[in-house]
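Visitor: Sequence and predicted structure, then a few things I'm wondering about:
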Amino acid sequence: KITDNVLDLGCVFQMLRDWVAIESDSSNVQKRPELHRMMETVAQKLQLMGGTVQLVDIGEQELPDGQTLELPKVVTAQFGNDSSKHTVCIYGHVDVQPAKLEDGWATDPYNLTEINGNLYGRGASDNKAPVLAWIHAVEAYQALSMDLPVNVKFVIEGMEETGSNGLDAMIMAQRDTFFSEVDYIIISDCGWLSRRPALTYGTRGNCYFFAEVEGPKQDLHSGVYGGTVIEPMTDLIGILDTLISPSGKILIPGIREAVAPLSDEEWKMYQDIQFDMDNYKNKIGVNQLMYSNKVDLLAHMWRYPTVSIHGIEGAFSDPGTKTVIPAKVTAKFSIRQVPDMDPAMVKKQVTDYLHSVFAKRKSPNKLKVTMVIGAKPWLADTHHPLYEAGKVAIKRVFNMDPDLIREGGTIPIARTFQDVTGKSIIMMPIGGFDDGLHSQNEKMSRYNYIEGTKLFIAYLNEVSQIKRTSV
Ligand SMILES: CC(C)C[C@H](N)C(=O)NCC(=O)O
């Protein structure tokens, strides 16, 4: 039985507070110094614990305006080097999505605040607390003067939220060195489906697009010029409206045809999962969903593609009534993709389609379509001993069987880990179903943070029991 006593709870919460206080937003180039500070903080912590730590330089990022910017270094660490033991590699990230109080947060997003057992702050669940929980799991063995049952490696990055730039190349470069003795890769960058713990065996990929429409050389007064110019925003809204129908059908030719059909076994698995649709509706504050039965809803959450429109750069969005015709507007939208879709093919399908739709408008404006992220989906074999070990550890800590679930979001590097290293991966989430990732009031509950840490302690032990032949 793992009790709270094996964890220094004061330190556990203070560390999360310190990490959340660092505004490590990877999508905002102005925040890059904070991101560098975050990576150094992680490295220092692992070094203080006695790990063999490296801050790996992964080069520069090219920005849309052609300038370059140093990428945050990747932290690698190793605890234990006993060839008679398995070696696990824990992957996580410590960059976050943007957050501002004025977006509608009830508390300062970078000041971890506890309310009713929940710890609110940007990155609390995605992915700072889970990374810390793994660190605390190693610390617990150290505090008890117990040898780690497996060798533990860490790969912690700072660009996950924007597509893990530079990490693919680093994994390829270190395939025969850092990764050569790794047996299994563990990722805890996702959440449960309900209050029941879960093991995740699939993620969707993500193709992220910019569609820019450029017209007049500068913004214009809509009273003085309106009615005489063909407005870029009207063109853009027109073409965006052709991506997906109101009932959720993707209208881009070729996309739906590429999706692997849902098997009877999958249908049965989804049918057996306990999932309360009313609770889901309440959680997100809607009274109607796209699908009214559970299997359709889960399937469209996890294993069918979808299009989301995120925003329009250059559009007037402040409070007030500015009467402007924007000269250049750039839509940001993404397509979550699934097996057997291929990002390179999606890029061509979307680009060709938008240009053909735009051509029909006979507009003199210029359209430019670029795909800025092309992350592949990932799928695991739930019969692998890693999953069996996961079920045992969950039973031990939570005294219940886990849900076996997929994830609608994307962990860009999962597929690269699998393809390049050839190692098996498990996703073992500890985030709650209602943590509000990427949204206002993101949180991690005390319960999930602490019991999740206990789960990781137990899981390391279970993995050590896996027979040598299973890779
Ligand atoms: C729930 C996701 C898998 C969490 C992950 N950290 C993430 O946000 N990835 C980027 C994405 O847009 O899905």
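Guide: Yes, it's here. Numbers count the residues shown, from 1 in each chain.
Visitor: and residue 420, how many neighbours?
Guide: With neighbours defined by other Cβ atoms under 10 Å, the count for residue 420 comes to 16. C-betas here are computed from N, CA, C, even on glycine.
Visitor: now residue 60
Guide: Number of residues near residue 60 (other Cβ under 10 Å) recorded here: 13.
Visitor: For it, list each beta-bridge partner.
Guide: residue 70 (DSSP bridges).
Visitor: From what I see, it and residue 72 are in contact.
Guide: No - applying Cβ atoms under 8 Å as the test, residue 60 and residue 72 come out as separate, 11.1 Å apart.
Visitor: Identify the residues contacting residue 64.
Guide: Contacts for residue 64 were tallied using Cβ atoms under 8 Å, 6 or more residues apart in numbering; they are residue 210.
Visitor: For residue 77, which residues count as its bridge partners?
Guide: Taking DSSP bridges, one finds residue 53, residue 154 as the beta-bridge partners of residue 77.
Visitor: Indicate whether stretch 317-333 makes contact with the ligand.
Guide: No - in this structure, stretch 317-333 remains apart from the ligand according to Cβ under 6 Å from any ligand atom; the gap is never smaller than 12.2 Å.
Visitor: residues making contact with that stretch?
Guide: Counting by Cβ under 8 Å, 6+ apart, residues outside stretch 317-333 touching it are 208-223, 225-226, 229, 231-233, 236, 240, 243, 307-316.
Visitor: Filter the residues you listed down to just the ones in helices.
Guide: When those are checked against helices (DSSP state H), the matches are 222-223, 225, 232-233, 236, 240.
Visitor: how about those, which pair is most distant?
Guide: Based on Cβ to Cβ, the longest span within the ones in helices among the contacts of stretch 317-333 runs between 223 and 240 and measures 25.7 Å.
Visitor: the more surrounded of the two?
Guide: Under the criterion of other Cβ under 10 Å, the comparison of residue 223 against residue 240 puts residue 240 first, with 17 against 9.
Visitor: on that earlier part again, filter the contacts of stretch 317-333 down to the buried ones.
Guide: Neighbour counting over the contacts of stretch 317-333 (16 or more other Cβ atoms under 10 Å) leaves 208-209, 211-216, 220, 229, 231-233, 236, 240, 243, 307, 309, 312, 314 as the buried ones.
Visitor: sorry, back to before: just to be sure, which of the contacts of stretch 317-333 are found in strands?
Guide: In strands, defined here by DSSP state E, the members of the contacts of stretch 317-333 are 208-214, 220-221, 307-313.
Visitor: who's in contact with residue 450?
Guide: Contacts of residue 450 (Cβ under 8 Å, 6+ apart): 4, 7, 9, 12.
Visitor: Also near the ligand: which of the ones in helices among the contacts of stretch 317-333, exactly?
Guide: Applying Cβ under 6 Å from any ligand atom to the ones in helices among the contacts of stretch 317-333, none is adjacent to the ligand.
Visitor: Please work out the residue of the protein nearest to the ligand and name it.
Guide: Among all residues of the chain, residue 409 sits closest to the ligand, at 2.8 Å; criterion: Cβ to the nearest ligand atom.
Visitor: Does that residue touch residue 205 like I think?
Guide: No - Residue 409 lies out of contact with residue 205 (Cβ under 8 Å); the separation is 10.0 Å.
Visitor: circling back: which one of the ones in helices among the contacts of stretch 317-333 is nearest to residue 362?
Guide: Distance to residue 362, by Cβ to Cβ, is smallest for residue 232 among the ones in helices among the contacts of stretch 317-333, at 14.5 Å.
Visitor: Flag every residue of the stretch 101-250 of the chain that's near the ligand.
Guide: Where the stretch 101-250 of the chain comes near the ligand, counting by Cβ under 6 Å from any ligand atom, the residues are 126-127, 160-161, 189-190, 203, 206.
Visitor: Thanks again, I'm all set now.
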